[in-house]
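Asks: sequence-free structure coming up:
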């Protein structure tokens, strides 16, 4: 019986996704691209603007983080079939869209920046007019584009970019609950699928705090420290284009309703009986999870001196929902009071405050002088929406700022 439970735990562990389900339904097939470009470590799909027969007034946007290669069908569907048809509206304005994808989205941001650089250069080579480019990306893709453009400037490469834009990108870091990171290490005894996502190079480069083992101490990953140093070596930001950023979170300091210390997910067997997770509280030490079940335990997971990150204003991710749904599919009795928690805090997406202090994390950004941000201009959402969701307010704001 124990062996069969362990086998079931192994199968469940191999099915848990960090940002999307590992084996979710396929997205509808995207329309055929007008051009497809093979690039170093990736590729691009090119869609001409309405009435155009080539690359005109181009917009170059990079995919975000996940495990494995870019799913262009999923990327298209998210941009076109949600709350706002961004691609249609872009092309209706005569703009060419260049969607940049990566062979391995979880690889180092530095490596995937090489793909982005090649995409920018090929766009310039193919372009039929002289309009300056808009270059950016979604989530991690915005960080990839930021680094690529900044490095091109240090190398005196003309990127011809007039506007840079990031969509809910973690400029000051992203947040995955420490309890979930610990659970990934716990599950890795039988299958490391979940851990490979959290411990991948790109994830470690973006996470504000990273846990390197069940009994580890959460801290900034050396990979993040190194990436921040590499970013500063190229100036931190591109200096030539206008720098725009949008946040999927609110700007008035109001959180998402997840109260510190509340249970977010709990298990009642047969695989992980006694396992539960708590929304990140302040305090030192502060309990955030207990891990128990067929793989051993109980292991009590604590943090020290963290602000209330799970409930912070920002773009949300179904961090606990993804886990709970998968465990339930394998017969676990789960209770999920909070499916979603903060993933990219608003202050991170608009590069205006760091994440370590409660007062900064929950600051009313709307009342801050805009020049405190590292961006030229930014937009905050009217609610704490799902991470990088394309909404009418975000889509229209970006379309109004396309380079002439």
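Replies: Nice, thanks for sending it over. Just so you know, these numbers come straight off a predicted model, no measurement behind them. Numbers count the residues shown, from 1 in each chain.
Asks: any chance you could map the strands in the stretch 101-250 of the chain?
Replies: Assigned by DSSP state E, counting those that start in this stretch, the strands in the stretch 101-250 of the chain fall at 133-138, 161-167, 242-250.
Asks: Could you export those as CSV, including mean pLDDT and mean neighbour count?
Replies: Just so you know, the C-beta spots here come from the backbone N, C-alpha and C atoms, and that holds for glycine as well. Putting the strands of the stretch 101-250 of the chain into CSV (pLDDT from 0 to 100; neighbours: other Cβ atoms under 10 Å) gives the following:
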stretch, mean pLDDT, mean neighbour count
strand 133-138, 98, 27
strand 161-167, 98, 25
strand 242-250, 98, 26
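Asks: Next, format these as TSV and append distance to residue 222.
Replies: Below are the strands of the stretch 101-250 of the chain laid out as TSV (distance: least, Cβ to Cβ, whole Å):
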stretch	distance to residue 222
strand 133-138	24
strand 161-167	24
strand 242-250	27
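Asks: Among those, which comes closest to residue 198?
Replies: strand 133-138 (19.6 Å; Cβ to Cβ).
Asks: what are the pairing partners of that closest one, and which direction each?
Replies: Using DSSP bridges, the strands paired with strand 133-138 are strand 59-62 (parallel), strand 161-167 (parallel).
Asks: Show me how far the last one is from its chain's centre.
Replies: Strand 161-167 has its average C-alpha position 17 Å from the chain's average C-alpha position, going by Cα atoms, centre = their mean, to the nearest Å.
Asks: Which helix or strand in this protein has the lowest average pLDDT?
Replies: helix 2-13 (a mean of 88; mean pLDDT, DSSP states H and E).
Asks: for the helix or strand following that helix, packing partners?
Replies: Proceeding N to C from helix 2-13, the next assigned helix or strand is strand 35-39, under DSSP states H and E. Counting contacts by 3 or more Cβ pairs under 8 Å, 6 or more residues apart in numbering; DSSP states H and E, strand 35-39 packs against strand 42-47, helix 109-126.
Asks: Check which strands are paired with the shortest one and give the direction for each one.
Replies: Just to be clear, that refers to strand 42-47. For strand 42-47, pairing defined by DSSP bridges yields strand 35-39 (antiparallel), strand 97-102 (antiparallel).
Asks: Need the residues that contact the last one.
Replies: With Cβ atoms under 8 Å, 6 or more residues apart in numbering as the test, strand 97-102 has contacts from 39, 41-47, 49, 55, 58-63, 69-70, 72, 75-76, 87, 90-91, 112, 115-116, 119, 123, 137, 141.
Asks: follow-up on the earlier one: okay if I get the strands paired with strand 133-138 as CSV plus distance to residue 334?
Replies: Below are the strands paired with strand 133-138 laid out as CSV (distance: least, Cβ to Cβ, whole Å):
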stretch, distance to residue 334
strand 59-62, 35
strand 161-167, 31
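Asks: Residue 399: which of those is closest?
Replies: strand 59-62 (9.6 Å).
Asks: quick one: buried residues of the closest one?
Replies: 59, 60, 61, 62 (16 or more other Cβ atoms under 10 Å).
Asks: from those, which single one is nearest residue 203?
Replies: Residue 203 has its nearest neighbour among the buried residues of strand 59-62 in residue 62, at 16.4 Å by Cβ to Cβ.
Asks: Could you tell me the per-residue confidence at the closest one?
Replies: Note on residue 62: pLDDT of 98.
Asks: That one and residue 147 touch, don't they?
Replies: No: if you go by Cβ atoms under 8 Å, residue 62 and residue 147 don't touch, sitting 10.6 Å apart.
Asks: hang on, the earlier thing: buried ones only from the contacts of strand 97-102, please, as a ChimeraX command.
Replies: ChimeraX command restricting the contacts of strand 97-102 to the buried ones, with burial defined by 16+ other Cβ under 10 Å:
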select :39,41,42,43,44,45,46,47,49,55,58,59,60,61,62,63,70,72,75,76,87,90,91,112,115,116,119,123,137,141
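Asks: Where does pLDDT dip in the stretch 251-400 of the chain?
Replies: For the stretch 251-400 of the chain, no stretch is flagged by pLDDT under 70.
Asks: now the helices: where do they sit in it?
Replies: For the stretch 251-400 of the chain, the helices defined by DSSP state H, counting those that start in this stretch cover 319-329, 346-349, 358-361, 392-399.
Asks: Pull the number of nearby residues for residue 152.
Replies: Residue 152: 23 surrounding residues under other Cβ atoms under 10 Å.
Asks: List the contacts of the nearest residue to it once chain neighbours are set aside.
Replies: Closest residue to residue 152 apart from its sequence neighbours, by Cβ to Cβ, 6 or more residues apart in numbering: residue 159 at 4.7 Å. Residue 159 makes contact with 120, 124, 133, 135, 149, 152, 153, 238, 240, 241, according to Cβ under 8 Å, 6+ apart.
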